[in-house]
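# Next come a sequence and a model predicted from it.
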Amino acid sequence: MIGLLFTVFLGAVGVVQGHDIEAGKIMLELQKQVLAPVATSCVEMKIFDEDDLKRKLLFRRGYFYGPSGDGIKEKIFIDFVYPPELSKMKYFLVEDENGNREKELLWTSSQRRTRRINNANQSWMQASDYYFYDLLDHINEKGWEYFLTDKKGNIFTIEAKFIGKPKVYERLIIKVEEIAPGVFVYNEIVFYDKQGDLSKKERYFDFKHIWDIYYRPNWMIMESLNLDQHSKTELRFRRWQVRPIKEEDGFVFQDLYLKLEKDFPSQCSEKDFD
């Protein structure tokens, strides 16, 4: 997440001793950039099978990162705008400072209540390798270590592997760009599933400097690397806002706001992507 998948990672075997120290410093600097207190955007998602467009989605998305215990609590709000059948569907998640999910709720206008997420709730992502999990940042997850495996100019390649039983992904290959002195962003992430098999690749383009040290991509492409699938998902972002936490955020980023059937308080329309 991202855009989309920002997470704390782990490294590999057979790497030159000491490279993990430099990789750790890079990831710590990246974490500072990723963990903006509040970040909101309007997101257009296009899902392709081969070259055929299968579905287009539009949604508002808001992130909240606030101090909690010895770490950071993450909250995310996803509010669908298009297509019409999803326009009254809202999603809310809270992860504690250890990366454990405290709440994961879905609200729909048909049921007029919140319910917990399960795989059946994800039918809106037909023909896509995306999951709700992939729309989060995960910079706060525990269990990853990392090593620097290559450096070319301002581009760093970091190999990552999850220690213990993976939650979703077992291994990652990450390309990080130093976009400004001491400021890092993701250029590409290759994902390996729980069994260690190639799963998918994400690439990030057209970064926008929004506020202070914060940069965000205006375009991201995810492609399946599974030989049995040929899907591609393209996300474009508009109306980026990154800012400090405001008093009203304490009210918006909670499940009560979801139950009040209120839209997430940011603008988002198809005209943003004309």
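Nice, I can see it.
# Surely Glu170 is in contact with Lys194?
Yes. Applying CB atoms under 8 Å, one finds Glu170 in contact with Lys194, separated by 5.4 Å. Any C-beta I mention is one placed from the backbone N, CA and C, and that applies to glycine too.
# In terms of neighbours, single out the busier of these two.
More neighbours surround Glu170 than the other of Glu170 and Lys194, with 19 against 14 (other CB atoms under 10 Å).
# In terms of helices and strands, where is that one?
Secondary structure assignment for Glu170, by DSSP states H and E: strand 169-180.
# and the next helix or strand after that strand, which strands flank it?
Downstream of strand 169-180, the first helix or strand assigned by DSSP H and E is strand 183-193. Strand 183-193 has its sheet partners listed here by DSSP bridges as strand 169-180 (antiparallel), strand 198-211 (antiparallel).
# Scan the chain for its longest helix.
helix 19-34 (DSSP state H).
# For the nearest residue to Ser266 once chain neighbours are set aside, list the residues it contacts.
The spatial neighbour of Ser266 that comes closest, neighbours along the chain excluded (CB to CB, 6 or more residues apart in numbering), is Thr40 at 4.7 Å. By CB atoms under 8 Å, 6 or more residues apart in numbering, Thr40 lies in contact with Arg60, Arg61, Gly62, Tyr63, Arg239, Trp240, Gln241, Phe264, Ser266.
# swap in Asn187?
Ile155, Lys175, Val176, Glu177, Arg203, Tyr204.
# List the beta-bridge partners for the residue nearest to it when sequence neighbours are not counted.
Leaving aside its chain neighbours, Asn187 sits nearest to Lys175 (4.4 Å; criterion: CB to CB, 6+ apart). Beta-bridge pairing of Lys175 under DSSP bridges involves Thr157, Glu188.
# Please verify my assumption that Lys175 contacts Thr157.
Yes. Using CB under 8 Å, Lys175 makes contact with Thr157 at a distance of 5.5 Å.
# could you redo the contacts of Thr40 as TSV and give each row pLDDT?
What follows is the contacts of Thr40, written out as TSV (pLDDT from 0 to 100):
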residue	pLDDT
Arg60	94
Arg61	93
Gly62	94
Tyr63	92
Arg239	96
Trp240	96
Gln241	95
Phe264	92
Ser266	93
